[in-house]
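In: sequence unknown, structure follows:
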């Protein structure tokens, strides 16, 4: 796993270089660009831009053809993280205090809005005969992310806990799967892929994107906080409906099921409440079920890569998909 994380650094070098160039030009006001530059310099994986660049190379293109798209995708992803942390009342991101914790809610909201503006400034740089189609794909994916997040927030607003697995997959297919899917599809499109290959890359990205979110939900319960970089049990404290909670509530017997139900619905949970909920979820066996489901989802997605020729780009896509299954953060 460490080897693929090291490989991500050179893979993403063009995107990191582009981000540095953007923020060298945009320094003032610090209350926007200083905050964003600091946020983007933290130890993020840049998984989505790596997938975009690798997909471009896998279909015979050059990575430089997809750099602007990959950079726009990474900026959009970080825009969503800034706002997600506010919506979820999170405290930590990538091992550091969230932007709204360090600088306050108004500056964090404004900086997130600024980053969304910069996404489209970068997306307008796309060149070549396929630029408009790529921009439309990005807009569609960004809309799906928004709608997936809205559906999840609607569960909280309505205080709805009777969520079904199919509804969970619909939400994560939007808020997480859509962006990873478009990273792969747009990379292929800009690299010159035909419609059939673009679809294979889209389906591959959606599968590993959903698997990514399932693994993230799992790590939030059973992960190592130092490696994970976020608060363990944060999803419980925030009242998130995940596949883990759905299956745990189905699998626990009588009294323990009712106890977990009460803990999950409780407002103002303390550390003891969160710890007890985690213990009950582990006892239910739900983590084992979810991990197996995530591995199956990713394995199915990887079969989509059979449509690609054997080359370094395809090998990198395969390694990145495997990394998602085994990651610790």
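Out: Structure's in. What do you need? These numbers were taken from a predicted model, which means no experiment stands behind them.
In: List the buried residues in stretch 145-152.
Out: Buried residues in stretch 145-152, counted by 16 or more other C-beta atoms under 10 Å: 145, 148-149, 152. Placement of C-beta: from N, CA and C, glycine included.
In: Pull up the gap between residue 178 and residue 172, please.
Out: 9 Å (C-beta to C-beta, to the nearest Å).
In: Common neighbours of the two, please.
Out: Common neighbours of residue 178 and residue 172, counting by C-beta atoms under 8 Å, 6 or more residues apart in numbering, are 148, 209.
In: And the host helix or strand of residue 217, what does it pack against?
Out: Assessed by DSSP states H and E, residue 217 sits inside helix 195-222. Judged by 3 or more C-beta pairs under 8 Å, 6 or more residues apart in numbering; DSSP states H and E, helix 195-222 is in contact with helix 47-58, helix 165-172, helix 178-190, helix 234-238, helix 243-251, helix 271-284, helix 286-302, helix 312-326.
In: ok, residues contacting the last one?
Out: Same thing as helix 312-326. Contacts for helix 312-326 (C-beta under 8 Å, 6+ apart): 1, 4-5, 7, 11, 47, 50-51, 54-59, 184, 204, 208, 211-212, 215, 294-295, 298, 301-302, 305, 308.
In: ok, now stretch 147-155?
Out: Contact partners of stretch 147-155, identified using C-beta under 8 Å, 6+ apart, comprise 80, 84, 87, 160-161, 163, 167, 170-176, 178, 240-241.
In: redo that, cut-off 6 Å
Out: Here stretch 147-155 makes contact (C-beta atoms under 6 Å, 6 or more residues apart in numbering) with 171, 174-175, 241.
In: How far off centre is it?
Out: Between the centre of stretch 147-155 and the centre of its chain there are 15 Å (C-alpha atoms, centre = their mean, to the nearest Å).
In: Kindly report the same for stretch 212-223.
Out: For stretch 212-223, the distance to the chain centre is 12 Å (C-alpha atoms, centre = their mean).
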